[in-house]
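Q: Sequence and predicted structure are below.
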Number of protein chains: 2
Amino acid sequence: MTNKKKQLKNPKDNLTNLGKDIVNEIGKGKDPTVTFQTRALSNVTFDKKARTLVLGNSMSARSFFNVAHAKKFLQTMEVAAVAKNLLKEGKHASLRDVFYQVKRTIPGTKVNIVDDQPESDAVIEDLELITGASREQININANKNGSVAGKVVIKDRGDVIDWSKLGSGGWSVPSNVEEIEFKKVDAKFVLYMEKAAVWERLHEDKFWEKHNCIIMASQGQTTRGVRRLLQRLHTENKLPIYVLADFDPWGFYIYSVIKFGSISLAHLAGETAIPGVKFLGITADDIEKYGLQKHLITFKEADKNRLKQIEKYDWFVDNKPWQRQFTMMKKMGAKAEIQALSARGISFISEKYLPEKIKNKDLID
Amino acid sequence: MTNKKKQLKNPKDNLTNLGKDIVNEIGKGKDPTVTFQTRALSNVTFDKKARTLVLGNSMSARSFFNVAHAKKFLQTMEVAAVAKNLLKEGKHASLRDVFYQVKRTIPGTKVNIVDDQPESDAVIEDLELITGASREQININANKNGSVAGKVVIKDRGDVIDWSKLGSGGWSVPSNVEEIEFKKVDAKFVLYMEKAAVWERLHEDKFWEKHNCIIMASQGQTTRGVRRLLQRLHTENKLPIYVLADFDPWGFYIYSVIKFGSISLAHLAGETAIPGVKFLGITADDIEKYGLQKHLITFKEADKNRLKQIEKYDWFVDNKPWQRQFTMMKKMGAKAEIQALSARGISFISEKYLPEKIKNKDLID
């Protein structure tokens, strides 16, 4: 059976067809086999036109009668069965739930179908390729984390939710945003930040109200729920997305993942990458312009090494504005946090820094 | 100046009085000094009557003319000034913001007022003692994290928010819940869980609707915002609180902190501990009753050591039901996660496990 990526739009049909194909192959006395694009760094390239990471054409096969493949083949079938069942019941499971649902001993042996969660996680990513559907579309979710506020009204599970009327907390972003319906979007852009505390600062200062925008945050690495929500706001509602991150290799990478996609999920770049995203975080130029020199934090070895990796990524290597930032950062040998702006006053970020940067279109693409 | 704990209810007045006392002492030619209860494990005891951790009577002094105290004294004054300013402006800052606001070089020297955030964090905790107000009451917040859903209507920053009408995401719990007003509370109890993924499971199964309750989660260690919200629901609305945690020393400690308070915040036990909380998580008995033996995870050295610490805590040492759990866990030499219940079916937790445990009052106090 060869994977025909996204030939069918309905993930449930795709799973059914996967099962039918396997049954057919067995009926014909063939070795049941699943074939799909190889998920490995060696098969990930940067598509300069689409400006996202993509998987190349190297293919992997997984056959039942190949001793090296048999266990993986079985895992794939088991996880596919769990996903099919979730879709049938209309329920969602976490990655951890799926692990426990497939974790059992093969009768008559002492072999477990899976021993650790990374095994079932990897198979779930394979299934994304095999079915042409994202994990969320086959009702498997990662952890939720994140808040949003702004001039938007959505409909979700029958509730009408106004993101501008949710007090100090905002709406808690779920792990799966596929079924959310946008009823009314009055905002002009989305500001995403890597820190929940910065979100609370801007929310208290009514930044989204004054600047007619949406503010969104998770904490640290951006959750998939948040990435998909950003992407849907960008593609369906044509909103520019600005990423407010630290001046450090990790902040740059948070931006990079939202914009170009991540290496491990290159096969899903179409579902999650947002090539139109721009960086509105702290830059080397901001350090001087906003007097943050005293708040630079000297690089540790890990920062140095991470910067060296990032500047060589295909999607950064020919990008002059970014290479300029990397060079300046290397010269400084130091990083700086968004919250260093608080040294200039608690609302300096919302009253001066952000309005100025937005007005001057001081963004990195 | 001696701290008179909670003599004054208004934190702003407390900060003003702190300043006035210091000015008075200077005016009289005295050595300006701040005195407050010592925050150290040696001064933390378990109050068997109140069933919370409390600080003992050992006192610490901090004098300006004592070389060993001078810097700490200065830090205390600086942070107090930042807090006073926040209260005056009606704004909130994160711990990180406060760090940057006090971080600067003392003129004419090469000495920074603070070098690292732990320094300002420690002073903020001292200020809680000095002013008798919690950090949140002096407008300093930690990170937000957590979601809530259920039959409750609140008012917050002028918005009326119905926790039962927020789609799949729920309300995002802010870092500071001091000013939330409860308008209508129809729920009969609160179920708090340590995992966001379990919250999404119960939310999708409409658990709170079927069982007339509130479901709340953060992720891992419970944030202070969530703890205070639980406490306010318990004390102001007389709702029982059940904690759904893993069967492991870390899950037990999550429960312990919510119930008895934490060692580092013993001075705030009154503000955050909830002695009425009960444990509804996985127990040693559940392992057999619900057939989870296959899903036990063998102890690592760290688990063993943590269990040894926990069983000796003052608040557990005389508690027979808990000592029984500890002994059984030690015998098993293994732990189990809430999500192991998914092996019995994706909604086993919401349709069988929890209803049964609640009906049978199968709780540990």
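A: That came in fine, so what should we check first? Source: prediction; values computed, not measured.
Q: For the spatially closest residue to A:Arg96 that is not a sequence neighbour, give me its contacts.
A: Excluding its sequence neighbours, the residue lying closest to A:Arg96 (C-beta to C-beta, 6 or more residues apart in numbering or on different chains) is B:Gln339, at 4.6 Å. Quick note: C-beta positions are derived from backbone N, CA and C, even for glycine. Counting by C-beta atoms under 8 Å, 6 or more residues apart in numbering or on different chains, B:Gln339 makes contact with A:Ser94, A:Arg96, A:Asp97, A:Tyr100, B:Lys195, B:Ala197, B:Val198.
Q: Do I have it right that A:Val34 meets A:Glu25?
A: No - applying C-beta atoms under 8 Å as the test, A:Val34 and A:Glu25 come out as separate, 9.8 Å apart.
Q: Return the residues of the stretch 1-150 of chain A in contact with chain B.
A: A:85-86, A:89, A:91-98, A:100-101, A:103-105, A:141, A:143-148 (C-beta under 8 Å from any C-beta of the partner chain).
Q: Go through the contacts of B:Gln339 and flag which are in helices.
A: If you go by DSSP state H, the contacts of B:Gln339 have A:Arg96, A:Asp97, A:Tyr100, B:Ala197, B:Val198 in helices.
Q: Tell me the one of those nearest A:Lys20?
A: Of all these, A:Lys20 sits closest to A:Asp97, with 26.2 Å by C-beta to C-beta.
Q: Look up how far A:Gln117 lies from the closest one.
A: Counting by C-beta to C-beta, to the nearest Å, the gap from A:Asp97 to A:Gln117 is 10 Å.
Q: try A:Glu178
A: 23 Å.
Q: what do you get for A:Leu244?
A: With C-beta to C-beta as the criterion, A:Leu244 and A:Gln117 are 32 Å apart.
Q: For these two, work out which one has more neighbours and name it.
A: Taking neighbours as other C-beta atoms under 10 Å in any protein chain shown, A:Leu244 and A:Gln117 compare with A:Leu244 leading, 26 against 14.
Q: Now do the same contact list for the closest residue in space to that one that isn't next to it in sequence.
A: Excluding the flanking residues, the one nearest A:Leu244 by C-beta to C-beta, 6+ apart is A:Met193, at 4.1 Å. Under the criterion of C-beta under 8 Å, 6+ apart, the neighbours of A:Met193 are A:Trp199, A:Leu202, A:Ile215, A:Met216, A:Ala217, A:Val243, A:Leu244, A:Ala245, A:Ile338.
Q: Which of these fall in helices?
A: Judged by DSSP H, helices contain the following of these: A:Trp199, A:Leu202.
Q: In strands, which of the contacts of A:Met193 fall?
A: Counting by DSSP state E, the part of the contacts of A:Met193 found in strands is A:Ile215, A:Met216, A:Ala217, A:Val243, A:Leu244.
Q: Any idea how many residues pack against the first one?
A: Counted with other C-beta under 10 Å, residues neighbouring A:Ile215 total 26.
Q: can you tell me how far it sits from A:Leu191?
A: According to C-beta to C-beta, A:Ile215 stands 5 Å off from A:Leu191.
Q: Now list whatever residues contact both of the two.
A: Common neighbours of A:Ile215 and A:Leu191, using C-beta under 8 Å, 6+ apart, are A:Leu202, A:Phe207, A:Trp208.
Q: Now the buried members of the residues you listed.
A: A:Leu202, A:Phe207, A:Trp208 (16 or more other C-beta atoms under 10 Å in any protein chain shown).
Q: could the residues you listed be laid out in TSV, adding pLDDT?
A: Listed next are these as TSV, based on pLDDT from 0 to 100:
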residue	pLDDT
A:Leu202	97
A:Phe207	98
A:Trp208	98
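Q: just checking, what's the longest helix in chain A?
A: helix A:70-89.
Q: which helices and strands sit right next to it?
A: When contacts are defined as 3 or more C-beta pairs under 8 Å, 6 or more residues apart in numbering or on different chains; DSSP states H and E, helix A:70-89 sits against helix A:11-27, strand A:59-63, helix A:95-102, helix A:117-131.
Q: Need the winner for burial among the ones you listed.
A: For the helices and strands packed on helix A:70-89, average neighbour numbers computed from mean count of other C-beta atoms under 10 Å in any protein chain shown are highest in helix A:95-102, which has a mean of 24.
Q: Tell me where the stretch 251-365 of chain A has strands.
A: Taking DSSP state E, counting those that start in this stretch as the criterion, the stretch 251-365 of chain A carries its strands at A:278-279, A:297-298, A:334-335.
Q: looking at those strands, which is closest to chain B?
A: strand A:297-298 (10.1 Å; C-beta to the nearest C-beta).
Q: how near is the spatially most central residue of chain A to A:Asn143?
A: Note on chain A: the residue nearest the mean C-alpha position is A:Arg224, at 4.1 Å, using C-alpha atoms, centre = their mean. Distance, A:Arg224 to A:Asn143, by C-beta to C-beta: 9 Å.
Q: Next: A:Asp13.
A: 29 Å.
Q: helix/strand/coil for A:Leu53?
A: strand (DSSP: H, G, I helix; E, B strand; the rest coil).
Q: contacting residues for it?
A: A:Val44, A:Thr45, A:Phe46, A:Asp47, A:Phe260, A:Gly261, A:Ser262, A:Ile263, A:Ala266, A:Ala269, A:Ala273, A:Trp315.
Q: I figured the first one hits A:Ser262, correct?
A: No - the pair A:Val44 and A:Ser262 does not pass the contact test of C-beta under 8 Å, sitting 9.7 Å apart.
Q: quick one: the strands in the stretch 101-250 of chain A?
A: Counting by DSSP E, counting those that start in this stretch, the strands of the stretch 101-250 of chain A are A:140-141, A:147-150, A:152-156, A:159-162, A:171-172, A:181-185, A:189-193, A:213-217, A:241-244.
Q: Mind putting the ones you listed into JSON lines with mean pLDDT?
A: Below are the strands of the stretch 101-250 of chain A laid out as JSON lines (pLDDT from 0 to 100):
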{"stretch": "strand A:140-141", "mean pLDDT": "94"}
{"stretch": "strand A:147-150", "mean pLDDT": "98"}
{"stretch": "strand A:152-156", "mean pLDDT": "98"}
{"stretch": "strand A:159-162", "mean pLDDT": "98"}
{"stretch": "strand A:171-172", "mean pLDDT": "98"}
{"stretch": "strand A:181-185", "mean pLDDT": "98"}
{"stretch": "strand A:189-193", "mean pLDDT": "98"}
{"stretch": "strand A:213-217", "mean pLDDT": "98"}
{"stretch": "strand A:241-244", "mean pLDDT": "98"}
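Q: Can you add distance to B:Tyr255 and give those strands back as TSV?
A: Conversion of those to TSV gives the following (distance: least, C-beta to C-beta, whole Å):
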stretch	distance to B:Tyr255
strand A:140-141	26
strand A:147-150	26
strand A:152-156	32
strand A:159-162	32
strand A:171-172	23
strand A:181-185	39
strand A:189-193	33
strand A:213-217	29
strand A:241-244	37
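Q: and the stretch 151-300 of chain A, which residues reach chain B?
A: Proximity of the stretch 151-300 of chain A to chain B (C-beta under 8 Å from any C-beta) is limited to residues A:154-161, A:165-176, A:179-180, A:196-197, A:199-201, A:204-205, A:219, A:294-295.
Q: Just the buried ones out of the residues you listed, please.
A: Listed as buried from those are A:154, A:156-157, A:161, A:166-176, A:180, A:196-197, A:199-201, A:204-205, A:219, A:295; burial here means 16+ other C-beta under 10 Å.
Q: Low-confidence stretches in the stretch 1-150 of chain A?
A: For the stretch 1-150 of chain A, the stretches flagged by pLDDT under 70 are A:1-9.
Q: Just give the closest residue to the residue of it found nearest chain B, not the sequence neighbours.
A: When scored by C-beta to the nearest C-beta, the stretch 1-150 of chain A has A:Ser94 as its residue closest to chain B, at 3.6 Å. Leaving aside its chain neighbours, A:Ser94 sits nearest to B:Ala197 (3.6 Å; criterion: C-beta to C-beta, 6+ apart).
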